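Chemist: kindly return the folded structure for what I paste below:
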Amino acid sequence: MSEISILLLAAGSSSRMQGQDKLLQEIDGEPLLSVMCRRAALTGLPCYVTVPSHSHPRVTATGTATVVPVADAAEGMAASIRAGVKALPSDTEAVMILPADMPDLQSQDLAHIASHFHGADSPILRATSSDGRPGHPVLFPRRCFAALIQLSGDQGARALLKIVSVHDIALPGQRALTDLDTPEAWAAWRAVHARS
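Modeler: A predicted model of the protein is given here:
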């Protein structure tokens, strides 16, 4: 497999969590960020994770991932993407980007997206729900890196995705869409998983 890195975005402020940290919420006794870093590592691909600073409590939950502090994290998602892409080794051929608050994404989903990458001329690869709604992760070939490090604001790479060729890859159910960034979302998700 070509040299693909996984970039987990974990430098956000959890501003909608009413004082709690969504990425340190526990799943089966383990912080969500730990779970997501482990799932990324199980693909065998190098994993990078952005955090607000080296002293942030999230750092203890990053496992074997390479930690990338984001000095201007308050700006939003673009700051995380910029810092993460700049931290990648020079031989990285593509980066798979996803928010770290997506607990339904499994290692096999990340590997499935990566398996569709076919080198420098590969299109951007974007995961969708089973019914075709766009979500995460999104895999960007190296030719997109220059545009990624020019992003600004809290819209992530949405603007870039509107002007380039994107190949959608469906994942099971709503895995590509489920993110947990409010106490209500966490409660609903836990209620479903308690029954399963």
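Chemist: can you check which strand is longest in this protein?
Modeler: Looking across the chain with DSSP state E, the single longest strand is strand 134-141.
Chemist: what pairs with that strand, parallel or antiparallel?
Modeler: Using DSSP bridges, strand 134-141 pairs in its sheet with strand 94-99 (antiparallel), strand 124-128 (antiparallel).
Chemist: and it, what's buried?
Modeler: For strand 134-141, the neighbour count (16 or more other C-beta atoms under 10 Å) marks 135-141 as buried. In this view, the C-beta of every residue, glycine as well, is placed from N, C-alpha and C.
Chemist: same thing with stretch 177-193?
Modeler: Buried-residue list, stretch 177-193, by 16+ other C-beta under 10 Å: 177-182, 185-186, 189.
Chemist: next: stretch 159-168.
Modeler: For stretch 159-168, using 16+ other C-beta under 10 Å, the buried residues are 160-161.
Chemist: also stretch 167-176?
Modeler: Residues of stretch 167-176 classed as buried by neighbour count (16+ other C-beta under 10 Å): 169-171, 175-176.
Chemist: now the buried residues of strand 134-141 in JSON lines, with pLDDT?
Modeler: Below are these laid out as JSON lines (pLDDT from 0 to 100):
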{"residue": "135", "pLDDT": "94"}
{"residue": "136", "pLDDT": "96"}
{"residue": "137", "pLDDT": "97"}
{"residue": "138", "pLDDT": "96"}
{"residue": "139", "pLDDT": "97"}
{"residue": "140", "pLDDT": "96"}
{"residue": "141", "pLDDT": "95"}
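Chemist: all helices of this structure, in order?
Modeler: In the chain, the helices defined using DSSP state H lie at 32-41, 77-86, 107-115, 145-148, 158-161, 183-195.
Chemist: distance of residue 38 relative to residue 81?
Modeler: Separation of residue 38 from residue 81 (C-beta to C-beta, to the nearest Å) stands at 22 Å.
Chemist: of the two, which one has the most company?
Modeler: Neighbours were counted for residue 38 and for residue 81 using other C-beta atoms under 10 Å; residue 81 has more, 24 against 17.
Chemist: need the per-residue pLDDT for the more buried one.
Modeler: pLDDT, residue 81: 94.
Chemist: I figured it hits residue 151, correct?
Modeler: Yes - counting by C-beta atoms under 8 Å, residue 81 does reach residue 151; the two are 5.6 Å apart.
Chemist: overlap in contacts of those two?
Modeler: residue 157 (C-beta atoms under 8 Å, 6 or more residues apart in numbering).
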